[in-house]
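Asks: can you look at this prediction? I've put the sequence above it.
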Amino acid sequence: MRLSEFLKRLARDYLLVLAGIVICIVLLNQIYILIYELDASKFSLGFRQIYAFMICALVGVLPSHIFDFFANPSEKGMRIRILIHFIIVEAVIIVFANMMGWVTGVSANVILALEIAIIFGIVQLLVWKSDLKVANEINEQLKKLKEHVQ
């Protein structure tokens, strides 16, 4: 993989994860506000929280590229890589969040693990849709080439 492709993919994944984090935080805060009938104006994000989200997204994305430099796997091998990646991302982010003091206690760690799983699922769905689009474009080009040859 060329360096430019690697950096492009890294930036895309980083922005997807960051967007997923922001969306989950907004939705969870909205649910919290509705359940406890709180004043929404008291929930604002400062630069410190935004930078924390950015760091967390970076920490979450970096392990995703540990398999980029190995040979292309089979379908089963790719699924195993995704599972290993998910476990590594969960562990890295939970350890990082505990070291930074962002979460304490079992319930907070379980909630964080669920948030990571939801974000990971959303990112995987978006990557799958992108790959599907590329595959369809390639198939269309192959059909045109096949028709042109005949």
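Replies: It's in.

Asks: residue ranges in the protein under the pLDDT threshold?
Replies: 1, 69-70 (pLDDT under 70).

Asks: and the gap between the closest residue to Met100 other than its chain neighbours and Glu75?
Replies: Leaving aside its sequence neighbours, Met100 sits nearest to Ala52 (Cβ to Cβ, 6 or more residues apart in numbering; 7.5 Å). For the C-beta atoms, the positions are set from N, CA and C on the backbone; glycine is no exception. Ala52 sits 37 Å away from Glu75, going by Cβ to Cβ, to the nearest Å.

Asks: which of those two has more neighbours?
Replies: The neighbour comparison of Ala52 against Glu75 (other Cβ atoms under 10 Å) goes to Ala52, with 16 against 7.

Asks: pretty sure the more buried one sits against Val103.
Replies: No. When contacts are counted by Cβ atoms under 8 Å, Ala52 is not listed as touching Val103 (11.6 Å).

Asks: CA atoms of stretch 32-40 as PDB?
Replies: Taking Å, rounded to 0.1, in the frame of the first residue of the first chain, the C-alpha atoms of stretch 32-40 are listed here in PDB:
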ATOM      1  CA  TYR A  32     -30.100  11.800  29.700                       C
ATOM      2  CA  ILE A  33     -31.700  15.200  29.500                       C
ATOM      3  CA  LEU A  34     -35.100  13.800  28.500                       C
ATOM      4  CA  ILE A  35     -35.100  11.100  31.200                       C
ATOM      5  CA  TYR A  36     -34.100  13.300  34.000                       C
ATOM      6  CA  GLU A  37     -35.900  16.400  32.700                       C
ATOM      7  CA  LEU A  38     -32.800  18.600  32.900                       C
ATOM      8  CA  ASP A  39     -31.900  21.900  31.400                       C
ATOM      9  CA  ALA A  40     -30.200  21.300  28.100                       C
END
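
Asks: so where does Ala91 fall, helix or strand?
Replies: Ala91 belongs to helix 75-100 when elements are defined using DSSP states H and E.

Asks: that helix: how far from the chain's middle?
Replies: The chain centroid and the centroid of helix 75-100 are separated by 11 Å under Cα atoms, centre = their mean, to the nearest Å.

Asks: if we go by neighbour counts, what in it is buried?
Replies: Residues of helix 75-100 classed as buried by neighbour count (16 or more other Cβ atoms under 10 Å): 85-86, 89-90, 92-94, 97.
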